[in-house]
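>>> Sequence first, predicted coordinates after that:
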Amino acid sequence: QKLREQARETPREYLDRESHYLWGKRYLLKVTEVAQAPKVSLTHSEIILQVRPGADTIKRAHILDEWYRQQLKQTMLPMLEKWQKALGVQAKRIIVQRMKTRWGSCTPHTQIIRLNLELAKKPLECLEYIIVHELLHLIEPTHNSRFISLMEQFLPRWKSHRDELNTLPVRHEEWVY
């Protein structure tokens, strides 16, 4: 319910000078059409999206989403190693996917953790908070007092990270029932 009511970004059109985010920092999108393989690169102020001529919004979104997935996986690996070692747990599998209503989830009996692709757009502390939160579910599956105590012990500022994450705008979604 909280995520559904959270502020939303305007729908993305993947056009020049549109705002996009990486690790909490705002970048302007620059779209270049060239007869080469699609790619994304980053400068100090721009995300440069290279697409083939005539690439539509869906194709542009897909290319950028795959880049975000790559950025998230690349950034989360050292964090994941650090926290698995610190907590004495090991996730069997980490899945990055688009999630409409959660930032992450953990299935303790399979040791599978899922992370929302949108975390690549949020500040790094928010990603770290979600990683610690989900890894702790491998120790304590519920949000009981033990879980909260573990969060306090390992990540004392977790509440401020949670609050920040829950006030930042999230991806525009069409809620169809």
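Looks like it came in fine. Residues are numbered from 1 along each chain as shown.
>>> Assess the claim that residue 139 and residue 90 are in contact.
No: applying C-beta atoms under 8 Å, one finds residue 139 not in contact with residue 90, separated by 11.5 Å. Glycine gets a C-beta too; all of them are placed from N, C-alpha and C.
>>> tell me the SS of the residue nearest to residue 34 when sequence neighbours are not counted?
Excluding the flanking residues, the one nearest residue 34 by C-beta to C-beta, 6 or more residues apart in numbering is residue 50, at 5.9 Å. Using DSSP: H, G, I helix; E, B strand; the rest coil, the structure places residue 50 in strand.
>>> do you know how far residue 50 is from residue 68?
The gap separating residue 50 from residue 68 is 16 Å, by C-beta to C-beta, to the nearest Å.
>>> neighbour count winner among the two?
Legend: neighbour count by other C-beta atoms under 10 Å for residue 50 and residue 68, higher for residue 68 (22 against 17).
>>> ok but the more buried one is inside a strand, no?
No: counting by three-state DSSP, one finds residue 68 to be helix, located in no strand.
>>> Tell me where the model's unsure across the chain.
Applying pLDDT under 70 to the chain flags residues 1-9, 169-177.
>>> tell me the SS of the residue sitting furthest away from the middle of it?
Distance from the C-alpha centroid of the chain, by C-alpha atoms, centre = their mean, peaks at residue 35 (30.5 Å). Under the three-state scheme (three-state DSSP), residue 35 adopts coil.
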